[in-house]
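A.B. asks: here is my input; please provide its structure:
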Amino acid sequence: MSDCQSLGDCADTRIARLYEYLDGALSLEDLNDVKNHLEHCDECAQEYDLECIIRSVVRRSCREVAPETLKSRIMGRISEIRVEVGHG
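C.D. replies: Numbers count the residues shown, from 1 in each chain. Alright, predicted model coming up:
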C-alpha cells in the first residue's frame, strides 16, 4: 500500500508537494522525502511524470515564434481597428 492510500488518498496534499518539488522550493530534507515517496508510490510517480510532460510541452510552446507575416497581419489589423475607432 502506498503512502497516499494509507493516508486516505491525500492527493491534494501530495500534488502540492509535487509542485514544490518540481519548482525546487523544498528544503533538502523535504526534497529527499518527496523523492523517496516517488520511488515507492506508483500513483504519485505517474502524477510526477504527467506534470513533467506538461511542463516540457509548455516550455517548448513558449519558445515558438510566430512567423513575421502573421505578426505583420496582426499589427496591420490593429492599426485598422484603431483608425476605425478613432484612436489612430
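A.B. asks: max-length helix in this structure?
C.D. replies: helix 42-63 (DSSP state H).
A.B. asks: can you count the residues close to residue 17?
C.D. replies: Residues lying near residue 17 (other Cβ atoms under 10 Å) number 18. In this view, the C-beta of every residue, glycine as well, is placed from N, C-alpha and C.
A.B. asks: ditto for residue 48
C.D. replies: 20.
A.B. asks: quick one, what contacts it?
C.D. replies: Taking Cβ atoms under 8 Å, 6 or more residues apart in numbering, we find residue 48 in contact with 18, 21, 22, 38.
A.B. asks: try it again at 6 Å.
C.D. replies: Residues near residue 48 by Cβ atoms under 6 Å, 6 or more residues apart in numbering: 18, 38.
A.B. asks: what's the helix or strand for residue 29?
C.D. replies: Residue 29 is part of helix 28-40 when elements are defined by DSSP states H and E.
A.B. asks: can you list contacts of that helix?
C.D. replies: Residues contacting helix 28-40 (Cβ under 6 Å, 6+ apart): 3, 17, 21, 44, 45, 48.
A.B. asks: just want the phi and psi numbers for residue 26.
C.D. replies: Note on residue 26: backbone dihedrals following degrees, to the nearest 10 are phi -110, psi 150.
A.B. asks: could you do residue 16 as well?
C.D. replies: Residue torsions, per degrees, to the nearest 10, at residue 16 are phi -60, psi -40.
A.B. asks: just give me the neighbour total for it.
C.D. replies: 11.
A.B. asks: residue 39 too?
C.D. replies: Residue 39 has 9 nearby residues by other Cβ under 10 Å.
A.B. asks: one step back: export the longest helix of the chain as CSV, just CAs?
C.D. replies: Below are the C-alpha coordinates for helix 42-63, written out as CSV (Å, rounded to 0.1, in the frame of the first residue of the first chain):
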residue,chain,number,x,y,z
ASP,A,42,3.2,4.4,-8.3
GLU,A,43,0.3,6.8,-8.2
CYS,A,44,2.4,9.8,-7.3
ALA,A,45,5.2,8.8,-9.7
GLN,A,46,2.6,8.8,-12.5
GLU,A,47,1.4,12.3,-11.5
TYR,A,48,5.1,13.4,-11.4
ASP,A,49,5.6,12.0,-14.9
LEU,A,50,2.5,13.7,-16.2
GLU,A,51,3.5,17.1,-14.7
CYS,A,52,7.0,16.7,-16.3
ILE,A,53,5.4,16.1,-19.7
ILE,A,54,3.0,19.1,-19.3
ARG,A,55,5.9,21.4,-18.2
SER,A,56,8.0,20.2,-21.1
VAL,A,57,5.2,20.9,-23.6
VAL,A,58,4.6,24.4,-22.1
ARG,A,59,8.3,25.3,-22.2
ARG,A,60,8.6,24.1,-25.8
SER,A,61,5.5,26.1,-26.9
CYS,A,62,6.7,29.2,-25.2
ARG,A,63,9.8,29.2,-27.4
